[in-house]
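Visitor: Next one to model:
(one chain, ligands or ions: 2)
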Amino acid sequence: MADLLLGQVLRFAADPFTHGEAAAMIDTQGAVLVKDGRIAATGPATALLRDHPQARVHDYGQSLITAGFIDAHVHYPQTAIIASWGKRLIDWLNSYTFPEEMRFADAGYAAAVADRYLDLVTAHGTTTVCTYATIHPESVDAIFSAARVRGMRLYAGKTCMDRNAPEGLRDTAQSAYDDSKRLLQKWHGVDRLGYVITPRFSPTSTPEQLAALGALWAEYPDCLMQTHLSEQVDEIAWVRDLFPQSRDYLDTYEAQGLLREGAVYGHAIHLTDRERARLAEAGASLVHCPTSNTFIGSGLFDMGLARTMRVGLATDTGGGSSFSMLRTMAAAYEIAQLRGQALHPAQLIWLATVGSARALHADSRIGNIAPGLEADLTILNLASTPAIEQATRRAETIWQHLFPTIMMGDDRAIRAVWMGGKPQQR
Ligand code: GUN
Ligand code: ZN
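Guide: Ligands and ions are numbered 1, 2, ... in the order given. I've put the predicted structure just below:
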């Protein structure tokens, strides 16, 4: 039996960073036909109602039907320490993150947080995440198991660290390779799950560990590889001390086989000209984490990079201060304003859907509304609070109608979420 969702349908025919707002296609009285977990058709409501009289109808009125949000860089084990006060990156890792990540040696705790985290992101309209686990294989099993039960498309990997982390939170080059390989063989391609090779960042990996993970990636070239790059100035200075023979931060990865298409670098704020050129040439992906970059005081990402590279958007939970991709779009808007650029609402929604899907090389499966794509959909109430409702009263265009929800919206704006063709309980 097919389902027919009615509402204002927003989809993308092109990239709004290169084609402007005309890249977005809006059907104000539109419909999306969902069948067997996939989008079967989209178009005007009248036509789809006529052609599919047997379908179960879900009328969302004036609400906006968009592809589900894709959060391209998170740390689900940091769910409980989100919004911790007063530190910058390295102190924040040592004070809050590492003690919390230590607890994931307990498979029961890992399973409980994985479930809580997926409940939270679903309530915020996010249908796919790409997450770091901890060094513990149990933490990878926990998040993949939880996602599988929900029918969620999810990417994850064991975080690898063999130095500059406390006892109990370090593996070795060999065990990182062995554990990652075993987890990859267990989970990659199972249902809607993808394994991601995950060295945390150069300060917590020896060159030997980076090389071992580079070798693993060469054995499994269709996997993604994720890590952090040039997030804070102090971090970059530390990398320079730890890798005196490297040309720059990117070179610490490049030298070990960790730079090519399918590499997904979080943050990438303070880049040199050489790094920018090499990243573009190699076809790597960058992920902008704006609430994190302001919350831990990292810096202002250059959104101009979206014209030449795959750029995704992410909360970076729990360095980021919100689970909401709406709040994250708002922060991306604010950071771009500080750099002299006003991002169009079409660009903001695109970053959270198609942009993140492209960054994860998943755009042939998710991130848009088109026949054949997996049916992950988020339905936004564009008048979810009195403050937002009054700001939309004089709206003449869909963008004027949508922008207050982007800037002021949160989980209250999420009217419904469909994942793999099924409505989710929230
Ligand atoms: N760099 C290395 N690890 C982390 C992390 O957990 N969060 C953030 N924001 N940056 C990192
Ligand atoms: Zn991160």
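
Visitor: give the contact list for the closest residue to D171 other than its chain neighbours.
Guide: Among residues not flanking D171 along the chain, I135 sits closest, at 5.2 Å (CB to CB, 6 or more residues apart in numbering). C-beta here means a position set from N, CA and C on the backbone, and glycine is covered the same way. Contact analysis of I135 by CB atoms under 8 Å, 6 or more residues apart in numbering lists 101, 158-161, 165, 169-171.

Visitor: again, but for Q347
Guide: Neighbouring residues of Q347 by CB under 8 Å, 6+ apart: 16-17, 306.

Visitor: Within reach of ligand 2, which of the contacts of I135 are there?
Guide: With CB under 5 Å from the ion as the criterion, the contacts of I135 include none near ligand 2.

Visitor: Poorly predicted segments of the stretch 1-150 of the chain, please.
Guide: For the stretch 1-150 of the chain, no stretch is flagged by pLDDT under 70.

Visitor: what does it put close to ligand 2?
Guide: Counting by CB under 5 Å from the ion, the stretch 1-150 of the chain has no residue next to ligand 2.

Visitor: which residues of the stretch 1-150 of the chain fall in strands?
Guide: 3-12, 24-35, 38-44, 56-67, 69-75, 126-132 (DSSP state E, counting those that start in this stretch).

Visitor: Export the ones you listed to a markdown table and append columns for distance to S285 and mean neighbour count.
Guide: Shown next, in a markdown table, are the strands of the stretch 1-150 of the chain (distance: least, CB to CB, whole Å; neighbours: other CB atoms under 10 Å):
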| stretch | distance to S285 | mean neighbour count |
| --- | --- | --- |
| strand 3-12 | 18 | 23 |
| strand 24-35 | 22 | 20 |
| strand 38-44 | 24 | 18 |
| strand 56-67 | 18 | 18 |
| strand 69-75 | 8 | 30 |
| strand 126-132 | 10 | 29 |
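
Visitor: can you pull the buried residues of the helix of greatest length in the chain?
Guide: Longest helix in the chain by number of residues (criterion: DSSP state H): helix 107-123. Buried residues in helix 107-123, counted by 16 or more other CB atoms under 10 Å: 109-111, 113-115, 117-118, 120-123.

Visitor: Pipe those residues into TSV and attach distance to I65 per row.
Guide: Below are these laid out as TSV (distance: CB to CB, whole Å):
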residue	distance to I65
Y109	37
A110	34
A111	33
V113	31
A114	28
D115	27
Y117	25
L118	22
L120	22
V121	19
T122	16
A123	18
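
Visitor: got JSON lines for those, with distance to ligand 1 too?
Guide: Below are the buried residues of helix 107-123 laid out as JSON lines (distance: CB to the nearest ligand atom, whole Å):
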{"residue": "Y109", "distance to ligand 1": "18"}
{"residue": "A110", "distance to ligand 1": "16"}
{"residue": "A111", "distance to ligand 1": "21"}
{"residue": "V113", "distance to ligand 1": "15"}
{"residue": "A114", "distance to ligand 1": "17"}
{"residue": "D115", "distance to ligand 1": "21"}
{"residue": "Y117", "distance to ligand 1": "14"}
{"residue": "L118", "distance to ligand 1": "19"}
{"residue": "L120", "distance to ligand 1": "18"}
{"residue": "V121", "distance to ligand 1": "17"}
{"residue": "T122", "distance to ligand 1": "22"}
{"residue": "A123", "distance to ligand 1": "23"}
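
Visitor: which among those residues gets closest to ligand 2?
Guide: Ranked by distance to ligand 2 (CB to the ion), the buried residues of helix 107-123 are led by Y117 at 14.4 Å.

Visitor: hang on, the earlier thing: relative to ligand 2, how far out is the residue nearest to D171?
Guide: I135 sits 15 Å away from ligand 2, going by CB to the ion, to the nearest Å.
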